[in-house]
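Chemist: heads up, no residue letters with this:
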């Protein structure tokens with residue numbers, strides 16, 4: 001009778017082919033300690049990185065290693081490729097989106113030269129962090145088969 005009151009789970013997708021891990025397993029105290037927010041990470045096996053949701057590109061970092069996305073339901077998400085990759089000053093990253101661009105889940109955000117990142121001694125783990133956790137009621141990282149565009153995180157918002 002009151003189905004309209006029942007909140008459905010929403011999802012964020014895997015941004016790359018690879019293994020999904022909880023954010024707490026990222027080898028960086030800022031991400032693992034959830035200082036920026038909560039989420040998940042992927043250990044990518046392929047260079048193509050896609051949007052985990054429908055939304056808008058808020059900012060592409062000058063150093064091309066990170067992108068902020070605002071999902072259509074209000075999540076503010078930092079998509080951060082690798083650890084300490086800001087030091088590469090954009091080398092190894094071919095960004096395919098611009099600030100203000102609308103994206104759909106699965107749209108290509110960037111192509112990353114994973115071999116180059118590893119040659120530079122960088123960890124390629126890619127955190128996907130929700131920074132405005134105050135709108136999250138619940139969330140759960142999903143086990144995946146390692147494919148791109150699989151559901152990586154289920155969540156409900158308080159709205």
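Modeler: Arrived safely. Since the structure is predicted, the reported quantities are computational estimates derived from the model, not experimental observations.

Chemist: Nearest the middle, which residue of this structure would you pick?
Modeler: Most central in the chain under CA atoms, centre = their mean is residue 128, positioned 2.8 Å from the mean C-alpha point.

Chemist: What are the phi and psi values at it?
Modeler: Note on residue 128: backbone dihedrals following degrees, to the nearest 10 are phi -120, psi 110.

Chemist: ok, for it, nearest residue in space, not its chain neighbours?
Modeler: Among residues not flanking residue 128 along the chain, residue 39 sits closest, at 4.9 Å (CB to CB, 6 or more residues apart in numbering). For the C-beta atoms, the positions are set from N, CA and C on the backbone; glycine is no exception.

Chemist: how close does the one you found get to residue 77?
Modeler: Distance of residue 39 to residue 77, computed by CB to CB, to the nearest Å: 7 Å.

Chemist: Tell me which of those two has more neighbours.
Modeler: Between residue 39 and residue 77, counted using other CB atoms under 10 Å, the more crowded position is residue 39 (29 against 23).

Chemist: Which other helices and strands does the helix or strand that one falls within contact?
Modeler: Residue 39 is part of strand 38-44 when elements are defined by DSSP states H and E. In terms of contacts (3 or more CB pairs under 8 Å, 6 or more residues apart in numbering; DSSP states H and E), strand 38-44 is packed against strand 18-22, strand 126-130, strand 136-141, strand 151-157.

Chemist: now the end-to-end length of stretch 10-30.
Modeler: Terminal residues of stretch 10-30 lie 26 Å apart, using CA to CA, to the nearest Å.

Chemist: And that stretch, what's buried?
Modeler: 10, 12-21, 23, 26, 28 (16 or more other CB atoms under 10 Å).

Chemist: For residue 10, which non-adjacent residue is spatially closest?
Modeler: In space, residue 10 is closest to residue 155, 5.6 Å off (CB to CB, 6+ apart).

Chemist: Common neighbours of residue 39 and residue 77, please.
Modeler: 12, 128-130 (CB atoms under 8 Å, 6 or more residues apart in numbering).

Chemist: Farthest pair within those?
Modeler: 12 and 129 (10.5 Å; CB to CB).

Chemist: Quick check: neighbours shared by those two?
Modeler: 39, 77.
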